[in-house]
Structures are given as structure tokens and as C-alpha cells.
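Undergrad: Sharing a model prediction with you, sequence too.
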Amino acid sequence: MDPIDVDQLRTADPATGLRAVTALHRLAERIEATHVAAARRAGWSWEQIGDALGVTRQSVHAKYGRRESDV
């Protein structure tokens, strides 16, 4: 994978840059939710998922635990 040239990401319009950041955050959240659900289906504990994400089991459970019925 090629390194990202940060200079290519610069824009004179802050609104354009901020919209891009928002879109990236939303995409990252969707990807995270998809993989958390897959991990739970594979039998991973909240602690294992939290460790993989670099957060506590409590925080990942609070964020995704109530969605588990959708898994």
C-alpha cells in the first residue's frame, strides 16, 4: 500500500475537508460495526473485541451490546 501524501489532501475550502472527514468517520463506524458483529457471531467475547479495538470491554459493549439482537 502506498503512503498517503498529506499535501494531496489539502483544500482551500474547509467545508470540503470537513465533509470528507465526516464521510470517513461514518465509513469507519460502519466497518467497525460490521466486524464487531462478525466477531460476536464467531464467538468472541466483549473483552477480546475491546482488546482488538484498543478500548475496554465495557465501552465496546455499551456501543454495540444492544445491537446484538440485530447480529
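TA: Arrived safely, thanks for sending.
Undergrad: In the chain, where is pLDDT below threshold?
TA: 1, 68-71 (pLDDT under 70).
Undergrad: Helices of that one, residue ranges please.
TA: 14-41, 46-53, 57-64 (DSSP state H).
Undergrad: now the longest one: how far from the chain's centre is it?
TA: Computed by Cα atoms, centre = their mean, to the nearest Å, the separation of helix 14-41 from the middle of its chain amounts to 5 Å.
Undergrad: again, but for the last one
TA: Here the centre of mass of C-alpha atoms in helix 57-64, compared against the chain's by Cα atoms, centre = their mean, lies 13 Å away.
Undergrad: Using CSV, list the CA coordinates for it.
TA: Coordinates of each C-alpha in helix 57-64 appear next as CSV, following Å, rounded to 0.1, in the frame of the first residue of the first chain:
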residue,chain,number,x,y,z
ARG,A,57,-14.8,-4.3,27.0
GLN,A,58,-17.3,-2.0,28.8
SER,A,59,-17.1,0.7,26.1
VAL,A,60,-17.4,-1.7,23.2
HIS,A,61,-20.3,-3.5,24.9
ALA,A,62,-22.0,-0.1,25.6
LYS,A,63,-21.6,0.8,22.0
TYR,A,64,-22.7,-2.4,20.3
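Undergrad: tilt between it and helix 46-53?
TA: Relative orientation of helix 57-64 versus helix 46-53 (axes from the mean of the first three to the mean of the last three Cα atoms, to 10 degrees): 90 degrees.
Undergrad: One more: the longest one?
TA: Helix 14-41 and helix 46-53 meet at an angle of 140 degrees, taking the same axes, to 10 degrees as the criterion.
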